[in-house]
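Engineer: Make a model of this:
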Amino acid sequence: MRPEKEALAALSAVIKHDMEAVTRLDADLEKLSDALGSATCEFRDLAGAAYLLHNIYNALENSFAQISRTFENHITDRVGWHRELLDKMFLEIPAVRPAVVFESSRRTLNDLRGFRHVFRHSYDLDLDRERLVRVAQGWRREKWTVLKALGDFKDFLLNQIQLDGRVTP
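Structural biologist: Numbering: from 1, shown residues only. Model prediction:
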């Protein structure tokens, strides 16, 4: 069954909201870039950057989850569902939807996903400055590509609404 125009409009609004959140979070992360580059980086700067990277991926994953619910509506791997969800975003699903993000962003998004998992589930974590900087740098390199891909997907949704309210193959 193809999504109705109301579902597409709601999904478009979610993606727009999440992209705005990512942009705000990224602006705060940019303010920490000099501190992260310093060998004497303080814990508060590492913790702040880790928190921002965590939330950037949360916002992206929220859009990915909403996209999956709207179009495919299933995740089969209950243990590795975060990875499965991300993997699905790189797939064009014929007669259903185009790929959401570009293959060139896979490594960066997977690194963000993995970092978010460790940050979220480790209560006694010594932040590894080198790993954190590597993930932040990867995000900085790919952020515009990821945001463009999400924007393109949002435009796809809006075009489908204009056609007749249903997704066309």
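Engineer: Distance check, the spatially most central residue of the chain against Asp18.
Structural biologist: Geometric centre of the chain, nearest residue: Leu60, 2.4 Å, by CA atoms, centre = their mean. According to CB to CB, to the nearest Å, Leu60 and Asp18 sit 7 Å apart. Just so you know, the C-beta spots here come from the backbone N, C-alpha and C atoms, and that holds for glycine as well.
Engineer: Can you check which residues contact both of the two?
Structural biologist: Taking CB atoms under 8 Å, 6 or more residues apart in numbering as the criterion, Leu60 and Asp18 both touch Leu150.
Engineer: buried residues in the helix or strand harbouring Trp144?
Structural biologist: Element membership for Trp144 (DSSP states H and E) is helix 129-163. Residues of helix 129-163 classed as buried: 129, 132-133, 135-136, 138-139, 142-143, 146-147, 149-150, 153-154, 157, 160-161 (neighbour count, 16 or more other CB atoms under 10 Å).
Engineer: That helix - contacts with which helices or strands?
Structural biologist: When contacts are defined as 3 or more CB pairs under 8 Å, 6 or more residues apart in numbering; DSSP states H and E, helix 129-163 sits against helix 5-31, helix 33-37, helix 43-71, helix 106-121.
Engineer: That helix - what's its average pLDDT?
Structural biologist: Mean per-residue pLDDT for helix 129-163: 94.
Engineer: so who does the residue nearest to Leu147 when sequence neighbours are not counted touch?
Structural biologist: Leaving aside its chain neighbours, Leu147 sits nearest to Met19 (6.0 Å; criterion: CB to CB, 6 or more residues apart in numbering). Neighbouring residues of Met19 by CB under 8 Å, 6+ apart: Ala59, Ser63, Leu147, Leu150, Gly151, Lys154.
Engineer: Go through the helices and strands packed on helix 129-163 and name the closest to Met89.
Structural biologist: Nearest to Met89, of all these, is helix 43-71, at 5.1 Å by CB to CB.
Engineer: Summarise which helices and strands that closest one is packed against.
Structural biologist: Using 3+ CB pairs under 8 Å, 6+ apart: helix 43-71 touches helix 5-31, helix 33-37, helix 81-89, helix 106-121, helix 129-163.
Engineer: Tell me where the chain is predicted with low confidence.
Structural biologist: Filtered on pLDDT under 70, the chain yields the residue ranges 1, 77, 121-125, 164-169.
Engineer: Many thanks, have a good one.
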